[in-house]
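Colleague: sequence? don't have it. structure:
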């Protein structure tokens with residue numbers, strides 16, 4: 001155990017940095033986002049991510065927000081496992097028949113005021129899955145949505161921009 005800890009301290013933090021243009025874009029969005037979060041909440045923004053039946057492409061991009069490269073926590077964004085502590089729902093995928101009830105319960109368990117963001121083309125209109133015997137289509141058919149982030153999947157910078165847009169354009173439900 002001590003040998004492993006010694007190796008960790010000797011190696012230090014090793015991460016890849018973003019290309020300079022993308023880093024500048026993320027930093028500019030992040031500064032605006034941090035100001036909006038402090039203005040609206042006077043603290044950090046807590047997000048509950050819900051997969052309503054997606055292919056997991058959008059989830060990979062959302063998880064990238066939380067990795068050391070994008071590091072969304074530096075802007076005051078935290079993820080939670082409980083909707084009871086969340087300020088925002090980040091919902092991905094078309095709503096499958098099996099997830100309709102769970103999505104409604106998660107929405108109802110989130111305290112007011114709350115923001116709802118639909119991530120990806122599937123969240124907007126069902127995407128490549130559309131409406132079928134197993135899929136109800138977009139998230140807006142089940143719960144009210146404040147902002148849609150288009151893309152299949154959207155880049156992490158686009159997701160940060162969509163979160164910022166929710167503060168600029170919408171009133172929370």
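Modeller: Cool, the structure landed. Just so you know, these numbers come straight off a predicted model, no measurement behind them. Numbering: from 1, shown residues only.

Colleague: In terms of secondary structure, what does the longest helix anywhere in the chain contact?
Modeller: Assignment by DSSP state H gives helix 20-41 as the longest helix of the chain. For helix 20-41, the packing partners by 3 or more C-beta pairs under 8 Å, 6 or more residues apart in numbering; DSSP states H and E come out as helix 156-169. C-beta coordinates here come from the backbone N, C-alpha and C atoms, glycine included.

Colleague: Give me the buried positions along the helix it packs on.
Modeller: 156-167 (16 or more other C-beta atoms under 10 Å).

Colleague: State the three-state secondary structure for residue 117.
Modeller: Here residue 117 is strand, with the state taken from DSSP: H, G, I helix; E, B strand; the rest coil.

Colleague: tell me the contacts of it?
Modeller: Each residue near residue 117 by C-beta atoms under 8 Å, 6 or more residues apart in numbering is listed here: 88-91, 145-149, 162-163, 166.

Colleague: what sits opposite it in the beta ladder?
Modeller: Under the criterion DSSP bridges, residue 117 forms beta bridges with residue 90, residue 147.
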